[in-house]
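In: sequence first, then the predicted structure:
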Number of protein chains: 2
Amino acid sequence: MCSVKDIYTDYALYLNKKIAINGWLKNGRFQKKFVFIDLNDGTYVDDLQIVLKESEGIDLNALKDYLTIGTAVKVEGVLVATPQAKKPFELLASQVHILGNSSSDYPIQPKKHSKEFLRTVAHLRLRTNLFGVVFRLRNTVSMAIHHFFQQEGFINVHTPILTGSDGEGAGQLFQVTTLDLNKIPLNANKQIDYKQDFFGQPAYLTVTGQLEAEAFATAFSKVYTFSPTFRAENSHTQRHMSEFWMVEPEMAFYDLGQNIKMAQKMLQSVISYSLEKSRKDFEFLDQNVENGLIQRLTAIANLEKFPQITYEEAINLLLKSEVNFEQKPFYGGDLATEHEKYLTDTVFKAPVFVINWPKEIKAFYMKNNPDNKTVAAMDLLVPKVGELIGGSQREENLEVLQAKIKAFNISQQDLEWYLDLRRFGTCVHSGFGLGFERLMLYLTGLDNVRDVIAFPRVPNNISF
Amino acid sequence: MCSVKDIYTDYALYLNKKIAINGWLKNGRFQKKFVFIDLNDGTYVDDLQIVLKESEGIDLNALKDYLTIGTAVKVEGVLVATPQAKKPFELLASQVHILGNSSSDYPIQPKKHSKEFLRTVAHLRLRTNLFGVVFRLRNTVSMAIHHFFQQEGFINVHTPILTGSDGEGAGQLFQVTTLDLNKIPLNANKQIDYKQDFFGQPAYLTVTGQLEAEAFATAFSKVYTFSPTFRAENSHTQRHMSEFWMVEPEMAFYDLGQNIKMAQKMLQSVISYSLEKSRKDFEFLDQNVENGLIQRLTAIANLEKFPQITYEEAINLLLKSEVNFEQKPFYGGDLATEHEKYLTDTVFKAPVFVINWPKEIKAFYMKNNPDNKTVAAMDLLVPKVGELIGGSQREENLEVLQAKIKAFNISQQDLEWYLDLRRFGTCVHSGFGLGFERLMLYLTGLDNVRDVIAFPRVPNNISF
């Protein structure tokens, strides 16, 4: 048994040999004495052309009604050269076994379907050319992430998904419970009796593995997570979902500058690795989604140093610009999507690191700069996608961190273990978070995160 | 800057050169005119010995009080050969920078701590020799999983964690909500108004990614997940947790026999890869946790074919045995831990596949055998750990599957998308689930899953 990919990878190996292949019928062209079918098994972007001929003993009449789009078949035959045709080979069938039929109401027909429609049949869109490319690439990019960090001496760690506290102090948590919502138990004080809940206290889905990754980093030096994370935000943008995957490296003995270098190196390595491993899939995207995609990505992989500006410089650039922003930029405010877009698409035309953010709008664990107004944070903004990476040097000073926890009104008790990392052998350390689906947008040229994760979870939609 | 691993990997490269290294002080031996410290940065199982000498200009008096266990330091010096000593090299320090102190109440002292105690300081146990080994190995084994499946032409897929339905029909779900438990909203019928919940319906944490993996497999042929999964079971055994990682391959066009072969091949490949990549860490476990570990694993990696028996044969073996089981084995009942142990440790002294289980005690999606009593299921039982892998051929026939869903009293409406996979190009397919923490027990010789995941989640404990 061989795969479509096997054949395309080195067809000379199979030429004039008898082979067997399983797959699904993508298209068919019916003539009187022969039938062409395009077969695919999801391993490769191109289909395998199969020719069924009466003269080869194939009973076309008996098969005809079964050869519908989407049908699963097993075909045996000989791979023959077709020097006159567009493709250099086809499979001349000697046997065709219908494994599983597909009725005529199969939603994936050989015509253009809108992405919006395809989201409603997410379990079947995986079989289209576009989503075949997207999810094979998602695999390649995942491996590119592992490849990079392993090569750099990081270890992959699994931080918990269930948590008793709010990691970023940002709210927007999903609560996790085994209490019966029809009869929430109350204690003597008429409050919810969490002693009866599964963990004996309220529990949530994590918004970040960073705090636990810091515990790992202060034991193993360089670590990274690659895990699902959650936000109960009522966002309806093309860049937000309730469940998404994040890559979070954390490095002991690294300051902000080293952190930034690592982020750039990672992004460039992931691009180069993916372009090399999945060239054909990128070519499909270049032709069908974004003209010039490969050139754009190659250019970024070869950039010597991504531009870097301070938050203050960013605000000044926005204030000086002649664009009439819907949200007026001001010092102390977060950057809106239109601001990010202006910086990346108009000013720099490249990925840009924005560093030294006002401490009030960044998380409590970020290291205070000597000015005591800003923190040693960095966001990597990229054209089209906006914020792709967010990171910082972490506050390693026990007293300063305690004061910040207080200022942010976070319960110190939940974080005593985290403070221990500063009590026992504290050190300068840094890390960042990469939104994996946003990376996939950046690499595919697609514009909606719902199209780069198989079964997106967003407000009011938990289908499949 | 170099790591302890760099030096041990090829110390000739660094000999007589000036190097700088960061790490934490694991132990110290104080003499009058010199001090030995053992430094580690978590990259390697052995410490780097550093010698501080007054004669080299080190101010021992000034440093003395700071050189406590756990302190983070940066040391510069020359790596010198020590042909007379046990280890062939040491670092002769020229500069020592104290980065972060560690007070004397640091819980990880150079003495034997019980595993039970160390679980209470899970954020710091990562710095011990044992847990250093365990979590470096966890990284290696994770990469071994990816390495194997990528090589076999699988693609890694991310199936959703949040789900609207109960995948296995097994209950034991965590509910996920953004409703305020203090005031659950009711609709006109006085029932919980889930329209106001985040997803507009009840939502849960997944117990398996399998159903979605089947959608992937019927598009890409061979896929695997490597993801966290959840069970709200009130179990207090050494083999159960509420949050754990699972590897779930799913293969189109594979029957049960091919599925079994793939499972054996995967396990043997993971063992061989890990033994090769992490030899030193295995040697530590062989010396400190399980004598003969490496020999045991090597033997399993080299086994030609794991023994295979039917469930019926397993029950007969148990009934014939002279062991006085606490739970009497009977045809139709699940195998208890003591039963699994008897089969693997006493009868076969090897991993054993048990196939063809009664359909009533297995999940609805498993393929009915022609006897209509059993399903084409397989469990892989291994010595010490018990059930390591559970898998099956999936029911690919639409009508049979619909009947099974009904018989199991599961809502068909939630599974219409899953039935579509049988409506449109259905095919024989199979898959299995591997509990990653159980695999880690099997590979390390440890006996409690709480010691192979960093921050275990079990009933009444969600610390860190």
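Out: Sure, I can see it.
In: report the contact partners of the closest residue to A:E396 other than its chain neighbours.
Out: Leaving aside its sequence neighbours, A:E396 sits nearest to A:T426 (Cβ to Cβ, 6 or more residues apart in numbering or on different chains; 4.7 Å). Where C-beta positions appear, they are placed from N, C-alpha and C, glycine not excepted. A:T426 is in contact with A:T218, A:E396, A:N397, A:L398, B:A72, B:L99, B:G100, B:N101, counting by Cβ atoms under 8 Å, 6 or more residues apart in numbering or on different chains.
In: confirm that A:T426 sits in a strand.
Out: No: judged by DSSP: H, G, I helix; E, B strand; the rest coil, A:T426 forms no part of a strand; its state is coil.
In: number of nearby residues for A:I294?
Out: 15 (other Cβ atoms under 10 Å in any protein chain shown).
In: pull out the buried positions in the host helix or strand of it.
Out: A:I294 belongs to helix A:293-302 when elements are defined using DSSP states H and E. Residues of helix A:293-302 classed as buried: A:L293, A:R296, A:L297, A:I300, A:A301 (neighbour count, 16 or more other Cβ atoms under 10 Å in any protein chain shown).
In: quick one: list the elements packing against that helix.
Out: helix A:256-277, helix A:279-288 (3 or more Cβ pairs under 8 Å, 6 or more residues apart in numbering or on different chains; DSSP states H and E).
In: pick the most deeply packed of these.
Out: Greatest average neighbour count among the helices and strands packed on helix A:293-302 goes to helix A:256-277 (a mean of 19), per mean count of other Cβ atoms under 10 Å in any protein chain shown.
In: CA atoms of stretch A:383-402 as PDB?
Out: Provided in PDB are the C-alpha atoms of stretch A:383-402 (Å, rounded to 0.1, in the frame of the first residue of the first chain):
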ATOM      1  CA  PRO A 383       2.000  43.200   9.000                       C
ATOM      2  CA  LYS A 384      -1.600  41.900   8.600                       C
ATOM      3  CA  VAL A 385      -1.800  40.000  11.800                       C
ATOM      4  CA  GLY A 386      -0.900  42.700  14.400                       C
ATOM      5  CA  GLU A 387       0.400  41.400  17.700                       C
ATOM      6  CA  LEU A 388       2.000  38.000  17.100                       C
ATOM      7  CA  ILE A 389       4.300  37.700  20.200                       C
ATOM      8  CA  GLY A 390       4.100  39.300  23.600                       C
ATOM      9  CA  GLY A 391       6.900  38.900  26.100                       C
ATOM     10  CA  SER A 392       8.900  40.500  28.900                       C
ATOM     11  CA  GLN A 393      11.700  40.200  31.300                       C
ATOM     12  CA  ARG A 394      10.100  39.000  34.600                       C
ATOM     13  CA  GLU A 395      10.400  40.900  37.800                       C
ATOM     14  CA  GLU A 396      13.000  38.800  39.700                       C
ATOM     15  CA  ASN A 397      13.200  41.000  42.800                       C
ATOM     16  CA  LEU A 398      11.000  39.600  45.700                       C
ATOM     17  CA  GLU A 399      10.100  43.000  47.300                       C
ATOM     18  CA  VAL A 400       9.300  44.700  44.000                       C
ATOM     19  CA  LEU A 401       7.200  41.800  42.900                       C
ATOM     20  CA  GLN A 402       5.300  41.700  46.200                       C
END
